[in-house]
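> structure, please.
(one chain, ligands or ions: 1)
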Amino acid sequence: MPATKSIQNFYINEEQSIYLLSHQDAKKHRQWLNICKKQLGMLGYQQVEVVGSGAFGFVFAGVAADGEEWVFKFSRITLAQSVRDRLEDEAFMLSQIHNPMVPKFFGFERLKKQGILMMARAKGEDLEKVSLKRGRFKPHEVVALALKLRNVLVDLRDHKNGMSPQPIVHGDIKPSNIVWDATSDSFALVDWGSSVYAQLDSDGQPVASNIMDLMSSDVSHTNARMGDVYFIGDEQMSGAQSSPRFDEQGVASTLYALASAQSCRFGAGVIPAASLGLPQEFAAVIDAMLSKDKKTRDQAGDYFIRNMPTMAKAYLPELPAKTTKAKIPFWLSSGPEKPDTVVYSSRKQFLRRADQNQQLRDVNDAQLDRYYKEFLFDTGDTEKAFLASISRLAKYPVVGGLSFHWKQESLFVESSLILYDESRSKAFTDAVNAAVMLAQGITQKGLFKCCLFDARQTIQLERDGTGAFIFENLPKLKYDVVDVKASEITRPHSYFEDGKDPDEQLQLPKAIIQCVFELNQIHHTGCIIFESLHNRLKIHHYYRLLDASKEAHFKSLLDRIMQYAMSIQDVGVAGFMKLPYKNTREFNLCERQVDAFYPRNPKAVLDAKQA
Ligand SMILES: Nc1ncnc2c1ncn2[C@@H]1O[C@H](COP(=O)(O)OP(=O)(O)OP(=O)(O)O)[C@@H](O)[C@H]1O
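Predicted coordinates for the structure are as follows:
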């Protein structure tokens, strides 16, 4: 497609809420997205839209003049050249695969440093998005998907170069890389950026598909690429030679994540597949595929490939849905605009504790978020799964706070969560429950807290050359008012006073602390985080006043906090969170959730229900 030559100067920013970028960066980011859209429009593509973004790129879609739907994948220009070159490798692998489950390759262009991969658009939505909307997938859905994925694995293993076997490894199978169309029930496997020709077959024997491989002296080295560390198996993680086993692992992780409403594989020790109401044989295979023991994993993988067609024939009618109760309460709220949720947590401290090799010691805050995935290596699986479950909560339009306190034999959870989309209640309940169950599986004593706020409301003030803040009118801290029954107001409520957080290095002016102390006398929930940088100050916050009679006082305190914030000179982060009641819920620690399988005789269950 030579016409793409006119697309120039693409720059894609780091992935974060656009509302947290500086005003200038946000403007640049929007401008670039608009340039992309406009350029694609000028090339004759219509209905151009952003359909996805990942760690490596940005994905646009548009409809060509002949009605065909195209996808354009741009690599992030901020990444190292070697990483950006992967887009060309991805284009090559995609061009090699001809499978109804893989989008057709259209072309690859390089414009200055910017690569653009063009391919057919897969119909539908990726399964991570579907999972966030629906919560736990139903047993028959998981089993049907398992059969489809098993068939893809077989196709990839059977790939040939002419007459010689040349198995392909996708290397990054996970929910967000599977696009599903509900109407036609069609699936597509996207993102071939980690794909390679397998070096070993599933029995661990070298694959010598061409003479070059045989002559290569480098056969002991891996050609494998890193997939998403939340989904790949142990061998791919540890740099073993590439083999079809990698994708078996991706498939097992994907099925597990969708069945359990999580965004990773690491929770399987605490919330095993055997506890998810799946058919017993199927659950056992998934748990064994996720096992720590290679032999068990491989045997289960073989069993999965061999027996999935039979397992998928089982009669799995949808059973009357039991309403799942949220283990911790949340409130529903509606508003004209949904929050763009960002989570701010004490996970750095939490991670540092689990970081035995002390690799995190020298990492500053901003970097830590970026390198977070890489630093997961030394953390325990359940801790990883717990942190991933908290990140999953932030994918919902929600504000609030959570505090998990592990003491002796119990876990205490204080919470205040407000969800701004009723249609997501069920899915959010599943996500919250997964977070609590994972927390129950953590044995180390300690405290973890997080605030979820709306990045759209974040106040940003730039400093001038002297360090003074630039503004015409001092922005105001916003709040909602919800008048709670008087009887509830008398209940004791907690304040965020658990000592100094080592992650919060910012020294706040005493006057601010005094105001926060006074605020604490008024019944409310909320959080405020001051993030002071050299050139600007960000104030993330949400406030919900629960005693309308105190509004005047409440408002004046918030105004005073803003005034005193103008004297912040120090650099760092500090914050306060206020939850409505102390120790909202107490849970037993629980190493592993109990077994729960799909009934052996579902008809009997249905008949009993009808009777
Ligand atoms: N051909 C396609 N058709 C439809 N949607 C697509 C297609 N390719 C990508 N997408 C969408 O774009 C998203 C991001 O694409 P992709 O996974 O290729 O990017 P990435 O930067 O490599 O992501 P990651 O960091 O997750 O590896 C996908 O999750 C999917 O929703």
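
> helix, strand, or coil at His540?
Under DSSP: H, G, I helix; E, B strand; the rest coil, His540 falls in the strand class.

> whoops, I mixed them up, Glu518
The three-state assignment at Glu518 reads helix, by three-state DSSP.

> ok, now which ones touch it?
Under the criterion of C-beta atoms under 8 Å, 6 or more residues apart in numbering, the neighbours of Glu518 are Leu557. C-betas here are computed from N, CA, C, even on glycine.

> distance of it from the ligand?
45 Å (C-beta to the nearest ligand atom, to the nearest Å).

> ok, which stretches of the stretch 201-350 of the chain are strands?
Along the stretch 201-350 of the chain, the segments classed as strands by DSSP state E, counting those that start in this stretch run 331-332, 341-345.

> just give me the neighbour total for the closest residue to Val142 other than its chain neighbours.
Closest residue in space to Val142, ignoring its immediate chain neighbours: Ala259 at 4.8 Å, by C-beta to C-beta, 6 or more residues apart in numbering. Ala259 has 27 neighbouring residues, counting by other C-beta atoms under 10 Å.

> residue contacts, Ala259?
So Ala259 contacts Arg136, Phe137, Pro139, Val142, Ala273, Leu276, Leu278, Ile286 (C-beta under 8 Å, 6+ apart).

> spatially central, which residue of the protein would that be?
The structure's the chain has its C-alpha centroid closest to Arg392; by C-alpha atoms, centre = their mean the separation is 5.2 Å.

> and the strands of the stretch 201-350 of the chain, which is most packed in?
strand 341-345 (a mean of 20; mean count of other C-beta atoms under 10 Å).

> so what's the gap between that one and the chain middle?
On the basis of C-alpha atoms, centre = their mean, to the nearest Å, strand 341-345 sits 12 Å off its chain's mean C-alpha point.

> do stretch 147-155 as well
That offset, for stretch 147-155, works out to 25 Å (C-alpha atoms, centre = their mean).

> how about that stretch: buried residues?
Lys148, Leu149, Arg150, Asn151, Val152, Leu153, Asp155 (16 or more other C-beta atoms under 10 Å).

> residues touching the second one, list them.
Pointing back at Leu149 there. Counting by C-beta under 8 Å, 6+ apart, the residues that Leu149 touches are Ile173, Ile178, Val251, Thr254, Leu255.

> next up, phi/psi of it, please.
The phi/psi pair for Leu149 (degrees, to the nearest 10) reads phi -70, psi -40.

> please, a PyMOL command that selects the buried ones among the contacts of Ala259?
The buried residues among the contacts of Ala259 can be selected in PyMOL (16+ other C-beta under 10 Å) with this line:
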select buried, resi 136+137+139+142+273+276+278+286
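
> in TSV, list the contacts of Ala259 along with distance to Gly227.
TSV is the format used below for the contacts of Ala259 (distance: C-beta to C-beta, whole Å):
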residue	distance to Gly227
Arg136	24
Phe137	21
Pro139	27
Val142	21
Ala273	21
Leu276	24
Leu278	24
Ile286	18
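
> any chance of the contacts of Ala259 in JSON lines, plus pLDDT?
Output for the contacts of Ala259, formatted as JSON lines (pLDDT from 0 to 100):
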{"residue": "Arg136", "pLDDT": "97"}
{"residue": "Phe137", "pLDDT": "97"}
{"residue": "Pro139", "pLDDT": "97"}
{"residue": "Val142", "pLDDT": "97"}
{"residue": "Ala273", "pLDDT": "98"}
{"residue": "Leu276", "pLDDT": "97"}
{"residue": "Leu278", "pLDDT": "98"}
{"residue": "Ile286", "pLDDT": "98"}
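
> ok, the contacts of Ala259 vs Leu316, which is closest?
Sorting the contacts of Ala259 by how near they are to Leu316, with C-beta to C-beta, puts Pro139 at the top with 5.4 Å.

> can you tell me how far the closest one sits from Leu156?
26 Å (C-beta to C-beta, to the nearest Å).

> and the contacts of Leu149, which are buried?
The neighbour count (16+ other C-beta under 10 Å) marks Ile173, Ile178, Val251, Thr254, Leu255 as buried among the contacts of Leu149.
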